[in-house]
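Peer 1: 3D, please:
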Amino acid sequence: MALLRSGWLWRQTSVLKRWKLNWCDLWIDGSLCFYKTDSRREVEHRVSLKTRCVDVRSGLECGGVTPPESNPRENLIVVQLKDGSTVNLCANSEDESIAWKLTLLETRRNPVFTYDPYDDSYQAIPINSYQTVYITPGAGPGTHQVIVQRDPFDGVAEQVALGLLAGMAAGAAMRSFLWTPIFFC
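Peer 2: Sure, this is the predicted structure:
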């Protein structure tokens with residue numbers, strides 16, 4: 001998997017609201033991973049931007065967030081998630097903050113695909129477990145066709161459970177009909 005951006009960022013913890021310095025990796029599949037060290041041995045926190053991110057703000061757009069000591073407000077980055085929570089980050093400079101914001105927004109918006117030169121085709125990287133996006137070259141230069149395919153096994157568990165329930169009900173009904181001739185003899 002390809003790494004889009006990595007570096008040291010301050011991250012505000014969700015419970016105690018303390019600032020911790022973490023090594024951050026932003027992967028091509030939209031995973032934003034936080035580690036204790038740059039050796040990437042132990043993931044402390046992970047956010048899937050493709051499925052959970054709503055908006056990314058930086059600098060003076062981040063109202064209500066206090067940056068860590070000795071860092072100006074211009075270095076802040078706030079990632080808003082679908083559940084209403086936020087991931088508060090702080091870069092080492094304003095330029096780095098803007099670069100992280102642009103990369104985060106780009107990752108959130110664009111579908112992920114890889115080009116296979118042997119087949120001359122584009123292979124999709126699944127956005128989540130339910131959908132896959134395929135992008136193929138279109139007729140003209142710069143045009144693409146986007147095909148969203150649902151997982152064919154989505155909802156299979158519900159169908160199996162419903163089938164088992166119907167089978168049990170039918171079996172119980174058939175069993176009661178088999179005993180009725182004995183009572184009438």
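
Peer 1: K101 and R46: what is the separation?
Peer 2: According to Cβ to Cβ, to the nearest Å, K101 and R46 sit 19 Å apart. For glycine as for every other residue, the C-beta is placed from the backbone atoms N, C-alpha and C.

Peer 1: Of those two, which one has the most company?
Peer 2: Per other Cβ atoms under 10 Å, whichever of K101 and R46 has more neighbours is K101, with 21 against 12.

Peer 1: my read: the more buried one touches E61, true?
Peer 2: No - using Cβ atoms under 8 Å, K101 is not in contact with E61, being 9.1 Å away.

Peer 1: those helices in this structure, which residues are they?
Peer 2: Under the criterion DSSP state H, the chain contains helices at 49-52, 94-109, 156-183.

Peer 1: Lowest average pLDDT across these?
Peer 2: Lowest mean pLDDT within these: helix 156-183, a mean of 73.

Peer 1: picking that back up, determine which stretch of the helices of the chain is the most buried.
Peer 2: Mean neighbours per residue, mean count of other Cβ atoms under 10 Å, is largest over those for helix 49-52, with a mean of 19.
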